[in-house]
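[1] The sequence and its predicted three-dimensional model are supplied below.
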Protein chains: 2
Amino acid sequence: MADGDLGAPDKRARSGRSARRESRIGGAGGVKRPYIVRNIPTYDILSDESLSRIEATADRILAEIGIELRDDAIAMQLYKQAGAKVTPISDDVWNLRFEPGMLREILKTAPAEFTQHARNPANNVRIGGKNVVFAPSYGSPFVMDLDKGRRYGTIEDFQNFVRLAQTSPWLHHSGGTVCEPTDVPVNKRHLDMVYAHIRYSDRAFLGSITAPERAEDSVEMCRILFGADFVDQNCVVMGNFNTTSPLVLDGVTTAGIRAYAGANQGSIHLPFLLGGAVAPLTTAGMVAQGLAESMASCALTQLVRPGSPAILASFFSSMSLRSGSPTFGTPEPAIGSLAMGQLARRLNLPLRCAGNFSTSKLPDGQAMQQSMMSMMSAVQGGANYVLHSAGFLDGLLSMSYEKMVMDMDMCGALHAYLDGMAVDDDALAFDALAELGPGQHLFSTQHTLRHYETAYWDSALDDNQPWETWDEQGGIDSAKRANTRWKKLLNEYEAPALDEGKDDALRDFIARRKTAVQDMWY
Amino acid sequence: MADGDLGAPDKRARSGRSARRESRIGGAGGVKRPYIVRNIPTYDILSDESLSRIEATADRILAEIGIELRDDAIAMQLYKQAGAKVTPISDDVWNLRFEPGMLREILKTAPAEFTQHARNPANNVRIGGKNVVFAPSYGSPFVMDLDKGRRYGTIEDFQNFVRLAQTSPWLHHSGGTVCEPTDVPVNKRHLDMVYAHIRYSDRAFLGSITAPERAEDSVEMCRILFGADFVDQNCVVMGNFNTTSPLVLDGVTTAGIRAYAGANQGSIHLPFLLGGAVAPLTTAGMVAQGLAESMASCALTQLVRPGSPAILASFFSSMSLRSGSPTFGTPEPAIGSLAMGQLARRLNLPLRCAGNFSTSKLPDGQAMQQSMMSMMSAVQGGANYVLHSAGFLDGLLSMSYEKMVMDMDMCGALHAYLDGMAVDDDALAFDALAELGPGQHLFSTQHTLRHYETAYWDSALDDNQPWETWDEQGGIDSAKRANTRWKKLLNEYEAPALDEGKDDALRDFIARRKTAVQDMWY
């Protein structure tokens, strides 16, 4: 018998050799699972005593140092009414202190699991619990590929990354700012970004958070797509909100959080912690601070609208001792992410954590080694929503076309990994060994014939040929194969059908919004 | 307080900033830890019920199908005297069947932990329990580097890999057949290999297993080095023995095992299982078979000399469904290795498992992604002796100079990973956040100044610079940096001192053995 669950619902429903074979082969033709239901336990590295000490430190930070809130009197009032001790620092800045346990109590109304709806209901994702959702990387101003090198991202790049994600059976969510479309005015690019997710993907996505009105626009476009009543009752979009570490919430962020929560939409509450700069260098301290900041930010959602979906989050990075530069995909943050998973489960909240992090400037060995160390901490630690699952290079400054498809393929391997191991009579395969006995190859046993098409996840990108064959075919490395592959995927991409009436309404909404205000470039 | 142990003894003994800083920086100047004492728990993925089912299947394989023993009547008698049911198949071939639990009972005399001595006692390794020992890859006929490509290995390559391993603070053991020295006659190369380990390294190493007399020669050379009495009472060399899967023990192997165990030396008992070829395609079946074969092989040591050190082992690989080629560093074997760790702990035996596996033909992204997935399963699964920790490419057919130094660096990251997270007042760092308060960077806090040299493991190979700096310096990828680095390490390498009398005696022994017989090339 298998340990734990059997997989996501659609996987359980499918059967037969061809369906199972398809579901394990990478590439655009693969059968998509809407999300992963983990079938192996989480990797719990800290004792209850250590976890309690981290929680007590977070509580002490919140009670004795406090969170500084800037430029949002409405949020200040909400925290104050909930019991926070508010000390004015200036007219628009307040220090908020929370008695130990207060935020935990507030967070009890937040759902442990929720569904984010996609315009294609087959792609709805369930966030929280044993579920794992992979989404592309988020927020890079630059893009790079092996042909053209590194340059500022454009809306065309943005659309390309949405298309690439859509082709992958191993991603589940279209993400958000897959790169900054720097050729579109700052105050209008959110419209083109949200439209690209809606038009070129049929998966769930993230909306804008860079200004409260852009958050409202994101929700409004979803109302056009899903209908206003549906949006009021269901999560169809989420915003990814960074705290201003250490220990600050700025008003643009809190107003955005209020916009999403008020509309019953999801929000992610992310301290981006670089040890030694905006957090302690020691991992336990970084985790305690991250927990404090994310709880304080999350709690606002419940003060606005109890029951609205919120995701606890952390982003840990380290520092090169030689250069002082931030480093990604290193061991200490991986350990921190595993601990964060334990803490999120104790809070009974969904978690966003880690991803395919790397400091490398190329899709090379360093990139994939660092990525795998970081990504393993996400999937083993029980992260439910893994932003930065594909494309991340250059310490998040660049989105790489090659890394995007390499990471997508790795996400496929992680599907098989999280499926764990079936332990039943068929899998134990006594009969397979008994059939021919000692010293006889198993190529022709019934067991092998029955399983050979489905037993192993098969990479669409890796080279697994004999050296001679590989050499005859040009001796291509994985980065160059990825270069060929992303072009092929884009070339073969077909946009999912979109209702013409809705498309027209969305375009009309965008056109009106764009003409209503002047372009802004900062 | 930290969860678990504090680290290896020598690490506990050292203190002070400079020692701690050195111990975390890669490269030849780093302070070496003789081995890792893990400070995080193992990753246990299977339930007790599933583990029991795998064990019951292994027992059933041993009782109902049996192990075929070839060409070793002495081993047959030992198994028979211990209670195995022996059925002759021909004059020199027997089927051995074992009642459920019989081998487990025999294995109770094998030590759960033991020390393998190095000629430099500071490099003695403790194998078993919470200890983790990294050794280079083993057995590739080819070597490769970016300059000269792939070619057959030579004794010069062999010596170079021993030297490279010796320079690394992140490997603990010199390994064995770091590549095949194909320019030395087959029946004499073991002498040059053992001598290279003794001469160019001062760490523990593996001896020859390809013929019983070569095993004896390996032990004899150790008697010259350590003294015969010391060797009789202590483990100073080990042999790495493969079963002939499925379910066969050949006489060369069992005679070699008898030679090592009879001399009280260590042995590793490795089924090399390729799913679909010599084992079932399903992971649970592969693990059950591996457990059965390794237990049967291990048990022989205790029949020869109860208490002699033996290591349970597994090597799992999968198959490309498209090409039929074996694949390495894939998810199913990683899951299998984690399960094998649980089974070894239930047997209370040390485990060798997984390593830096890859099918890639270059030290590229595929290589390091596959390596990390496989290597993580070794360190998380509780493997005690990790052969193939550095250099593995091309599905074990090639030893790569660049991958060797890339993997050595990764082993450094895994030191920091296995150290886990200290959770004490200093690490929780409340004071660091309180010192300047919300919104203030922590660069100048006392906590940061106190920790910045030691907080993070620092790669000697990764690029962590800003993109502009990296670009100005030529935009070098990690494989090319590794190419520069192995040449630098070899250039700076200095052989550890060796007693001249012992060196002369070893050379004399080798010369006599070499002249005693004709060269053989097969």
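    Sure, I can see it.

[2] Only C-alpha atoms from now on, for both contacts and neighbour counts.
    Will do.

[3] Can you pull the domain assignment for chain A?
    A:26-420+A:463-522, A:427-458 (automatic domain parsing).

[4] quick one: the last one to chain centroid distance?
    Centroid displacement of domain A:427-458 relative to its chain, using CA atoms, centre = their mean, to the nearest Å, is 38 Å.

[5] got the buried residues for that domain?
    Buried residues in domain A:427-458, counted by 16 or more other CA atoms under 10 Å in any protein chain shown: A:427-433, A:437-443, A:445, A:447-448, A:451-458.

[6] which residue is nearest the middle of chain A?
    Central residue of chain A (CA atoms, centre = their mean): A:Leu387, 1.8 Å from the mean position.

[7] residue contacts, it?
    The contact partners of A:Leu387, by CA atoms under 8 Å, 6 or more residues apart in numbering or on different chains, come to A:Phe134, A:Ala135, A:Pro136, A:Ser137, A:Tyr138, A:Gly175, A:Arg352, A:Cys353, A:Ala354, A:Gly355.

[8] next one: A:Pro212
    Contacts for A:Pro212 were tallied using CA under 8 Å, 6+ apart; they are A:Val252, A:Thr253, A:Ala255, A:Gly256, A:Ala259.

[9] just checking, which of those residues belong to helices?
    Within those, residues falling in helices by DSSP state H are A:Val252, A:Thr253, A:Ala255, A:Gly256, A:Ala259.

[10] In this structure the last one contacts A:Ala215, no?
    In other words, A:Ala259. Yes: using CA atoms under 8 Å, A:Ala259 is in contact with A:Ala215, at 6.5 Å.

[11] From B:Ala279, how far off is the residue of the stretch 401-522 of chain A found nearest chain B?
    In the stretch 401-522 of chain A, the residue that lies nearest chain B is A:Leu428 (3.9 Å; CA to the nearest CA). The gap separating A:Leu428 from B:Ala279 is 11 Å, by CA to CA, to the nearest Å.

[12] shared neighbours, those two?
    If you check A:Leu428 and B:Ala279 against CA under 8 Å, 6+ apart, the residues they both contact are B:Gly285, B:Met286.

[13] Quick one: distance of stretch A:54-74 to the chain centre.
    Using CA atoms, centre = their mean, the mean C-alpha position of stretch A:54-74 is found 26 Å from that of the whole chain.

[14] Can you show me the CA trace of that stretch as PDB?
    Taking C-alpha atoms only, stretch A:54-74 is exported to PDB below (Å, rounded to 0.1, in the frame of the first residue of the first chain):
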ATOM      1  CA  ILE A  54      11.800  30.700  17.300                       C
ATOM      2  CA  GLU A  55       8.100  31.400  17.800                       C
ATOM      3  CA  ALA A  56       8.800  33.000  21.200                       C
ATOM      4  CA  THR A  57      11.500  35.200  19.600                       C
ATOM      5  CA  ALA A  58       9.000  36.300  16.900                       C
ATOM      6  CA  ASP A  59       6.500  37.100  19.500                       C
ATOM      7  CA  ARG A  60       9.100  39.100  21.500                       C
ATOM      8  CA  ILE A  61      10.100  41.000  18.300                       C
ATOM      9  CA  LEU A  62       6.400  41.900  17.800                       C
ATOM     10  CA  ALA A  63       5.800  42.800  21.400                       C
ATOM     11  CA  GLU A  64       9.000  44.700  22.300                       C
ATOM     12  CA  ILE A  65      10.500  46.100  19.000                       C
ATOM     13  CA  GLY A  66       7.300  46.200  17.000                       C
ATOM     14  CA  ILE A  67       6.400  46.800  13.400                       C
ATOM     15  CA  GLU A  68       6.700  50.200  11.800                       C
ATOM     16  CA  LEU A  69       3.700  51.100   9.700                       C
ATOM     17  CA  ARG A  70       4.000  54.000   7.200                       C
ATOM     18  CA  ASP A  71       1.400  56.100   5.300                       C
ATOM     19  CA  ASP A  72      -1.700  54.000   5.900                       C
ATOM     20  CA  ALA A  73      -4.000  55.400   8.600                       C
ATOM     21  CA  ILE A  74      -6.700  52.900   7.700                       C
END
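
[15] buried set for it?
    In stretch A:54-74, counting by 16+ other CA under 10 Å, buried: A:54-73.

[16] most neighbours, which of the contacts of A:Leu387?
    Neighbour counts for these (other CA atoms under 10 Å in any protein chain shown) peak at A:Ala354, which has 34 neighbours.

[17] sorry, back to before: would you single out the least confident of the domains of chain A?
    Lowest mean pLDDT within those: domain A:427-458, at a mean of 93.

[18] quick one on the thing from earlier: just the ones of the buried residues of domain A:427-458 in helices?
    Using DSSP H, those in helices are A:Ala427, A:Leu428, A:Phe430, A:Asp431, A:Ala432, A:Leu433, A:His447, A:Thr448, A:His451.
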